[in-house]
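Asks: structure for this input, please:
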Amino acid sequence: MDRRLLVLAVGMFALGTDSYVVAGVLPQISRAFGVSVGAAGQMTTVYAIAFALFSPTIAALAASVPRKLLLLSGVAVFVLANLATAMAPTFAFALVMRAVAGVGAAMFSPTATGSAALLAPPQRRGFALSVVVAGLTASTALGSPVGTLIGGLGDWRWTMVFVAALGTVAGLGVWAMLSELPLPPAVSLGKRLAPLADARVALTLATTVLALSGLFTVYTYFAVVFDRVVAGNTVTLGALLVLWGAAGTLANLMSGRLIDKIGDRKVIVTMLAGLVVDGLLMPWSGANIWTAALAIAVWGAFGWGLLVPQQRRLVNLAPSIAPVLTGLNTAGSFVGISAAGVIGAAGLKAVGAHNLGGIGAALIAAALIVGEIASRRIAASSAAPASGVVASA
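Replies: Numbering: from 1, shown residues only. Below you'll find the predicted structure:
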């Protein structure tokens with residue numbers, strides 16, 4: 001396997017770990033700064049908002065910047081921001097640094113996926129992209145739990161140092177192994193956003209936003225949603241996070257084959273419907289370690305298993321601008337994650353931590369409805385080319 005792809009995957013692993021690891025150390029952050037758990041959850045929100053807003057913007061504005069320089073700059077911003085978060089004297093400063101870390105991630109992520117495509121011949125580009133994106137999905141199964149254990153055995157600030165160390169390894173790898181790459185064709189921000197005018201694309205992206213909002217309304221506050229079975233035990237918390245990530249990684253790999261057999265619509269409906277039932281049962285399943293483990297495994301598997309059919313649905317709409325559409329979907333995912341932090345914080349006050357699964361289920365039910373509307377729009381135009389806006393983007 002090309003070592004350069006592995007270097008980019010390590011960078012994506014660091015970005016994913018930074019996005020998900022806060023969930024495991026949320027109670028510690030809350031106590032350290034003397035804020036509520038809901039307020040502490042906004043550390044995930046600001047990171048996700050910055051990532052979602054700046055990913056398409058930087059990709060458009062920095063089209064003429066050499067790829068290696070942009071990757072190294074993104075890593076540098078990411079590492080320094082995480083180190084600054086680790087030393088944050090106040091909660092407000094920590095929030096600002098989390099946003100800056102999100103900007104660094106937005107510089108690195110789309111550049112890494114674009115570079116992966118340039119590093120491989122056309123017939124191997126799908127595999128190259130899967131290797132890089134695997135770093136992101138693997139962070140849920142390994143990076144986040146390891147960061148949680150580090151925080152539990154020491155302090156949450158060491159978790160941020162751990163994330164910065166991962167970023168440093170990626171940066172050194174990029175500097176040592178990645179030669180300069182040709183610049184991709186410039187695509188303006190307007191053209192990147194133009195596909196949103198196509199109702200089929202907009203509805204598909206709305207499905208992603210709603211589904212990820214529901215999924216992460218629970219995950220962002222994982223430590224308090226499942227506090228009855230965790231009981232303050234860091235090892236138990238880490239093991240449950242490993243289960244969530246491992247189930248998600250496995251489902252992500254399997255869903256690609258599944259959609260080839262039965263189509264993306266059936267997979268999307270199955271995943272969303274399963275998540276609705278799982279979320280509604282979570283107030284009861286979260287009270288026992290075995291039922292909680294089952295609920296977490298289903299939540300992770302069905303949640304991450306949704307992403308591949310969503311991506312393929314978008315790519316099939318307009319293959320010629322697939323990178324733009326998948327980039328929009330990634331941005332939509334982080335919009336959903338950022339919304340989840342706010343929704344979950346409100347839910348903690350309104351219904352309590354143990355009932356957040358119900359709120360997540362309601363959002364995912366909305367995603368199911370929107371996804372079905374998208375399916376009907378797509379079916380109605382299945383033999384026709386993409387609409388003018390998408391085709392011209």
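Asks: what's stretch 350-361 in contact with?
Replies: Outside stretch 350-361, the residues that touch it by CB atoms under 8 Å, 6 or more residues apart in numbering are 37, 214-215, 217-218, 221, 224-225, 227-228, 275-283, 286, 295, 343-344, 347-348. Yep, even glycine has a C-beta here, placed from its N, CA and C like the rest.
Asks: what's the burial count for Glu180?
Replies: A total of 9 residues lie near Glu180 under the criterion other CB atoms under 10 Å.
Asks: Phe222 versus that one, what's the distance?
Replies: Separation of Glu180 from Phe222 (CB to CB, to the nearest Å) stands at 41 Å.
Asks: now Ala340
Replies: When distance is defined by CB to CB, Ala340 is 11 Å away from Phe222.
Asks: next one: Ala239
Replies: Between Ala239 and Phe222 the distance is 12 Å, computed by CB to CB.
Asks: name the residue in those two with the higher neighbour count.
Replies: Neighbour totals were compared for Ala239 and Phe222, and Phe222 leads with 26 against 18 (other CB under 10 Å).
Asks: isn't that one right up against Gly238?
Replies: No - counting by CB atoms under 8 Å, Phe222 does not reach Gly238; the two are 11.0 Å apart.
Asks: excluding sequence neighbours, find me the nearest residue to Leu196.
Replies: Excluding the flanking residues, the one nearest Leu196 by CB to CB, 6 or more residues apart in numbering is Ala202, at 5.3 Å.
Asks: that older thread, buried subset of the contacts of stretch 350-361, written for PyMOL?
Replies: Buried subset of the contacts of stretch 350-361, written as a PyMOL selection, criterion 16 or more other CB atoms under 10 Å:
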select buried, resi 37+214+215+217+218+221+224+225+227+275+276+278+279+280+281+282+283+286+295+343+344+347+348
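Asks: what is the helix or strand where Gly238 lies packed up against?
Replies: Using DSSP states H and E, Gly238 maps to helix 234-262. Counting contacts by 3 or more CB pairs under 8 Å, 6 or more residues apart in numbering; DSSP states H and E, helix 234-262 packs against helix 125-138, helix 144-153, helix 222-225, helix 227-230, helix 264-285, helix 289-305, helix 307-317.
Asks: name the surrounding residues that touch stretch 273-290.
Replies: By CB under 8 Å, 6+ apart, stretch 273-290 touches 211, 214-215, 218, 225-226, 228-229, 236, 291-292, 294-295, 298-299, 302-303, 306, 354-358, 360-361, 364-365, 368.
Asks: and what of stretch 62-72?
Replies: Contacts of stretch 62-72 (CB under 8 Å, 6+ apart): 8, 11, 107-108, 111-112, 114-115, 118, 171, 174-175, 178-181, 183-184, 186-187.
Asks: residue ranges in the chain under the pLDDT threshold?
Replies: 1, 117, 122-127, 129-130, 182, 184-187, 256, 320, 322-323, 383-393 (pLDDT under 70).
Asks: could you break it into its assigned domains?
Replies: Annotated domains of the chain cover 1-186, 187-393 [automatic domain parsing].
Asks: who's in contact with Leu243?
Replies: Ala293, Ile296, Ala297, Gly300.
Asks: which neighbours do Phe222 and Gly238 have in common?
Replies: Common neighbours of Phe222 and Gly238 (CB under 8 Å, 6+ apart) are Gly24.
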